[in-house]
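Undergrad: with the input below, show me the fold.
(2 chains)
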Amino acid sequence: MSFSAPAIDYAALSPVIALTVGVCVVLLSAVFKPVRRTAPFLSFLTLGATAGLLIWNWNDPTTLVSGALRLDDLAISISLIAIAAAAFAVLLSIREPAAEQAGSGEYHALLLGSVLGMVLLAQAQNLVSFFVAIETLSIPLYILCATDMLRERSLESGLKYLIVGSLGSATLLYGMAFLYGGSGSTDFLGISAGIGHTGLLGDPLILVGIGLVAVGLAFKTSIAPFHQWTPDVYEGAPTPITAFMAVATKAAAFAVFVRFFDVALIGEAGDWQPALAVLAAISIVIGNVGALGQNSLKRLLGYSGVAQAGYILGGLVVASEAGVNALVFYLAGYLFMNLAAFSVIVARERETAFGDDIRAVHGLGAERPLLAWPLTISMLALAGLPATVGFIGKLYLIEALVEGDYTWLAVFIAVGTMISLAYYLRVVAAMWMRPGGETAPDAAPAIAGASPEADPIDPEAGRRPYLVAPALLAAAGAVFFGIVPQPLVDFAQHAGSALI
Amino acid sequence: MINSLLWTPLVFGLIGLFLPKRFAGWWATAGAAVTLGIAISLLAGFDPGATGLQDSVDVNWIPGLGVDYSLGIDGLNVFLVLLTALVWLGGTAFAAFREQERPHLFFLMMLVGETATLGAFIAQDLLLFVLFFDLMLVPFYFLFGAWGTDRVDGPTASAATLKMIVYTLIGSLLMLVGAIATAIIAADGGQITFSIAELAKHPVGDGSQQWIFWFFAAAFLVKMPAFLLHGWMPDAYRAAPLPVLAVFSGVLAKVGAYGFLRVVLPLFPDATVQFQEVVLVIALASILYGSVMAFTQTNIRLIGGYSSVAQLGFITAGIFALRADGGDGAILQMVNHGLVVAPLFIIVAILVERSGSEDLREMGGMAMRAPVLAALFLIVTLATLAMPGSANFIGEFYILNGLFQAKIVFAFVAISGVAMSAYYALRLYQRTMHNRKRDSLVSREIGWRDGAVLVPLVLCIIGLALYPQLILERTDRSVSETVAAVGGPSAEPPKSHGRVIAASSLGCTHRAPCRVTWEAPPKSHQSKVAARQ
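TA: From the prediction side, this is the model:
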């Protein structure tokens, strides 16, 4: 009796393996050597190794685990975005109270675990791997949101995210069951073939399934009207985690969004396009209007994220290669724009008693130009002003939309952008056009820690290189790719052409 | 050459960040002066007889999206470039003579603004044009918001600026969608290009033209601003720091009018003809509304602001006469208006410094001790009201001439604007310079520094009055080509004999537009000024 083991493509699985090893090592490192800097260092090492292995697999599409995963350039580019966001989060977490309270090892291991989920999700080409990956991504994040244990808000955020996130997952799973029942397959290609002979509208089972899956994904990508958790969770979670979630979760969830709709359901594009277009339009309106009155910068960015998700969804709506290119380009640009802002918020949170309130950046232009510039660039880029990557991203999206006969959605993006200026520029105005030096009315008393809400203030945080450098780096990226966008365009085109 | 024109201000601005604070203003002035030098040398090398672009650059910028980095000079923009460089030098120098808070940032933003504006004028790629058009807003957002004045009875500077930005970007973002739609529809599945010249060869279909036309028109009409879209103007003008307002009002408003000539007429000819009268109605409404508002306001900034609304209405009307003489007049008038409104706002700044108020009712009697200032102001005033002998008169004459032959009814209404401009310009002059001197007011002569800013600008006004052909000769060819795209004067045969006679009696034929040479009465009003002194 001979037994032949199935061939395992270790090369293509290597990024996942590296990350898994990294998670274990980081977790154990805390046990053996509880030194403050070990875990961040090891996390960097893991992220770097994974990124290297991913780049090694660039331009070499491989199907893995009997079709459950597919490592192509779309998966790789999205994974790289998630890894970059995680690297930023690790930097921003240095001396973050949350990381220290939760235990540095656990905190970083959970972060890496979430990245693992994202890398898997970007490759998922089967309902089962899809669900497993999305849970691997989400569960560590539920915990991470609550790691700032002395702050009520953080606990609330974690709990809220857990409940809403579970609801999203349950919806997703329910939809998957319907899909499996309707098409007889869990594989995306199998689903595509299974639907082929009935059509989307002819089979209520499949229609319900797709609807539920779309809703589940909309939860994860915070597309309105499934966005309600976003501002609360963003506000409560430790800021480095918010930064990571805002960029990486969105990227990974959009990757599977694209793969699901553009691979499994591409044949029925005409049926789902209008529905997604309406979702995108709603998201643009609700996100932009919701952000208008926000005083908390993190809430503001949360709502702005809802609107941006609407723009990005536009890239999927057109169901074309140009659309996917635009989507990946925008996500990559979003990494720079958003992380520049969050780095500054982290610095100001530690430096002032205002937390993430907009008053924390009053007079920042005069006080800390090295922080004010990144935040300014980030806001202008998110608003889509020229000479930033945000402008090119919008250009790309609008080009794809007009080409795909969705000009009305392009007009929605234009109108949404116009509304968004009101709140993005408000932040800019706070930095450059208002005097700083106010003291918080409810400033924590000198004995720090007396109030359970107050984290200790570090008056030098605005000069710490590990906070200033990421801010400057991300802002430089946002400007660089706004002026020389071609490298990023090539990157995105690789991703777009990877889909079969 | 053209690259150095575009990037010199920005490079100077960035280097200026690393200089000590007290040099920032001088350095920026030097940057603006170098830019002016380059602009003059471009004009010197400009061949009025050549067709097409001169001194152009065309490189692939984002091949993946079909966007080119394409710049060029032709008759439409060569003088607007010169105007930009000149007015910017004046505004920057005037600001440099005064103490500015945070001078590094102020002058960086001034120079970024110059690069963006020059870019909008010389861009030959539709998307590059949109990009620079939007980019212009960013520096002015900072300049208005951070160095502007908060009003006690009105919005703060940053709120006023925000309003301006939102208004302007409504149009700009729709224009972005319109630009992309134009390119994609024109490409029809092939390789996308945004080159304006390429797109003009194959205009998009009639139905698409209609909506895209309005997307562009919205952007340009807000920028000017035209009547009904001017809501941002009063607040923004009252908030803006005056040297910045001089360049803003002097140059940026013209980008909108220029956009019609550069983009709308060649790219959307059918829609242009179709909506000609609608735009003319807006233009006339701007003339009437702007004029009436200008002679009822007491805030001297707003008098300047509303008079600009009226003047830009004139320019728009000239363009939408869709005749070469109207277009020639529009370009001449853009330069003229820039040349009068920039010194006007600089004079306003000087007046405000001396009287401590922006209200006309609290001014007067300035001329007593400041004859040079009064003389300079008088020349500016007379040019504003288009006194015969000034280049403004010739510009308005060309515009009205074109309009008469295209749409006679509109021309009659437009003429009333000429009369009204005399009223508001003279009112402004009298109430500030003559009348009884207020006690609160310090009447003193301008110093050599302010003189160094004002005198060259005023000399340009006089020079242009003596020799307007400098502009007309060089713009005519490009303008004729542009209006030829929309059918030009000859496409629509004159409907009545009366109009043909009227036209030919003015010395104009349909192919060769008006060539009436105006011998400027030799320094008539200048001698009047001298006599007054």
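
Undergrad: what's next to the helix or strand that residue B:219 is a member of, contact-wise?
TA: Assigned by DSSP states H and E, residue B:219 falls within helix B:206-223. The contact list for helix B:206-223 (Cβ atoms under 8 Å, 6 or more residues apart in numbering or on different chains) reads B:133, B:167-168, B:170-172, B:174-175, B:177-179, B:181-182, B:185, B:203-204, B:229, B:232, B:252-253, B:255-257, B:259-260, B:263-264, B:268-272, B:274-275, B:279, B:282, B:316. No exception for glycine: its C-beta is placed from N, CA and C like everyone else's.

Undergrad: let's go with 6 Å and repeat that
TA: For helix B:206-223, the external contacting residues (Cβ atoms under 6 Å, 6 or more residues apart in numbering or on different chains) are B:167-168, B:171-172, B:174-175, B:178, B:181-182, B:185, B:229, B:256, B:259-260, B:264, B:268, B:270-271.

Undergrad: again, but for stretch B:177-187
TA: A:398-399, A:402-403, A:410-411, A:414, B:126-127, B:130, B:192, B:194, B:199, B:202, B:204, B:208, B:212, B:215-216.

Undergrad: from those, which would you call buried?
TA: A:398-399, A:402-403, A:410-411, A:414, B:126-127, B:130, B:192, B:194, B:199, B:204, B:208, B:212, B:215-216 (16 or more other Cβ atoms under 10 Å in any protein chain shown).

Undergrad: in the helix or strand bottoming out on mean pLDDT in chain A, which residues are buried?
TA: Within chain A, no helix or strand scores below helix A:97-102, which has a mean of 79 by mean pLDDT, DSSP states H and E. Of all the residues in helix A:97-102, those buried under the rule 16+ other Cβ under 10 Å are A:97-99, A:101-102.

Undergrad: is it possible to get JSON lines of those residues that adds distance to residue B:223?
TA: Formatted as JSON lines, the buried residues of helix A:97-102 follow (distance: Cβ to Cβ, whole Å):
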{"residue": "A:97", "distance to residue B:223": "49"}
{"residue": "A:98", "distance to residue B:223": "48"}
{"residue": "A:99", "distance to residue B:223": "50"}
{"residue": "A:101", "distance to residue B:223": "54"}
{"residue": "A:102", "distance to residue B:223": "53"}
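
Undergrad: give the next helix or strand downstream of the helix holding residue B:219.
TA: Later in the chain than helix B:206-223, the nearest helix or strand by DSSP H and E is helix B:233-239.

Undergrad: picking that back up, now, the contacts of stretch B:177-187 that are in strands?
TA: Among those, DSSP state E puts none in strands.

Undergrad: quick one, what contacts the one residue in the stretch 251-400 of chain B that gets nearest to chain A?
TA: With Cβ to the nearest Cβ, the shortest gap between the stretch 251-400 of chain B and chain A falls at residue B:255, namely 14.1 Å. Listed by Cβ under 6 Å, 6+ apart, the contact partners of residue B:255 are residue B:120.

Undergrad: and it, what element?
TA: Counting by DSSP H and E, residue B:255 is found in helix B:253-259.

Undergrad: give me the average confidence score over that helix.
TA: Helix B:253-259 shows a mean pLDDT of 92.

Undergrad: just give me the closest of the buried residues of helix A:97-102 to residue A:313.
TA: Using Cβ to Cβ, residue A:98 comes nearest to residue A:313 of these, at 31.0 Å.

Undergrad: dump the residue contacts of that closest one.
TA: A:147-148, A:238.

Undergrad: now do 8 Å
TA: A:107, A:147-149, A:154, A:238, A:240-241.

Undergrad: for residue A:237, see how far away it is.
TA: Between residue A:98 and residue A:237 the computed distance is 8 Å (Cβ to Cβ, to the nearest Å).

Undergrad: find the residues that touch each one of the two.
TA: By Cβ under 8 Å, 6+ apart, the residues touching both residue A:98 and residue A:237 are A:148, A:154.

Undergrad: restricted to helices, list the contacts of helix B:206-223.
TA: Of the contacts of helix B:206-223, the ones assigned to helices by DSSP state H are B:167-168, B:171-172, B:174-175, B:178, B:181-182, B:185, B:256, B:259, B:270-271.

Undergrad: what ranges do the strands span in chain A?
TA: A:62-64, A:69-71.

Undergrad: mind listing what's buried along stretch A:43-60?
TA: A:43-44, A:46-47, A:49-51, A:53-54, A:57.

Undergrad: sorry, that was for stretch B:292-299
TA: B:292-295, B:297, B:299.

Undergrad: with distance to chain A and secondary structure added, can I get those residues in a markdown table?
TA: Converted to a markdown table, those look like this (distance: Cβ to the nearest Cβ, whole Å; DSSP: H, G, I helix; E, B strand; the rest coil):
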| residue | distance to chain A | secondary structure |
| --- | --- | --- |
| B:292 | 30 | helix |
| B:293 | 26 | helix |
| B:294 | 29 | helix |
| B:295 | 33 | coil |
| B:297 | 26 | coil |
| B:299 | 22 | strand |
